[in-house]
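[1] Okay, sequence plus prediction incoming.
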Amino acid sequence: MGNRKEEILIVALHLFARDGYEAVSVSQIAGELDMTKGALYRHYKSKRDIFDCIVEHMEQQDGEQASEYDMPQEDKEKMPEKYGAVSLDDFVEYSKSMFEYWTEDDFASAFRKMLTIEQFRSEEMQKLYQQYLVAGPASYVKDLFDSMGFTNAKNKAVRFYAVMHFYYSLYDGAEDTENVKDGFVSAIKSLVQELK
């Protein structure tokens, strides 16, 4: 993706996260970039096209995160052997990296914030919110816990992911984000000991 195209995505995503998707116009995005609407339309057909590219970019980044930590990128049914190869230690390290990713990566953090506010405005945004930030991750953790032989994997996955989601919210409002990050790491280590 060209630098200008990526810059448009990032600026649009920040505006969507701050003001909401419906409230942001193509003119506003172009204005933030000191470009005309016509110049913006040379890169993207519409505001919807920009949004679709944001979701596509997020999907790609999500896969790269999993790949970097040698974690499964697809459903358990499609790659059961990959799920079976993940250890609890691997999972904890991946969880720490995902926490940093969703809170500190500019794109992922803005995407998370956008979905958090937009989930109440449209069914499509609610589905994306569930896919990326609630049901999707909880189901993924459940499948990993199942593969690790945990009993009551679903309940344990919900407990684990509830801690992660709670710390996302704490991080967003914190003055000392390092303290929140340390608290998250301590909480998941403690929780993992309880879950065994």
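    Alright, I've got the coordinates.
[2] Quickly list the domain ranges of the protein.
    Split into domains by automatic domain parsing, the chain comes to 1-62, 69-196.
[3] Kindly reformat those domains as JSON lines containing mean neighbour count.
    Yep, even glycine has a C-beta here, placed from its N, CA and C like the rest. Below are the domains of the chain laid out as JSON lines (neighbours: other Cβ atoms under 10 Å):
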{"stretch": "domain 1-62", "mean neighbour count": "16"}
{"stretch": "domain 69-196", "mean neighbour count": "16"}
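[4] Flag the helix or strand of the protein with the lowest per-element mean pLDDT.
    In the chain, the helix or strand scored least confidently by mean pLDDT, DSSP states H and E is helix 80-84, which has a mean of 90.
[5] helices or strands next to that one in the packing?
    Helices and strands touching helix 80-84, as assessed by 3 or more Cβ pairs under 8 Å, 6 or more residues apart in numbering; DSSP states H and E, comprise helix 135-147.
[6] What lies in contact with the following helix or strand past the helix it packs on?
    The element immediately downstream of helix 135-147 (helix or strand, assigned by DSSP states H and E) is helix 153-173. When contacts are taken as Cβ atoms under 8 Å, 6 or more residues apart in numbering, the neighbours of helix 153-173 outside the stretch itself are 95, 98-99, 102-103, 112-113, 133-134, 137-139, 141-146, 150, 177, 180-181, 183-184, 187-188, 191-192, 195.
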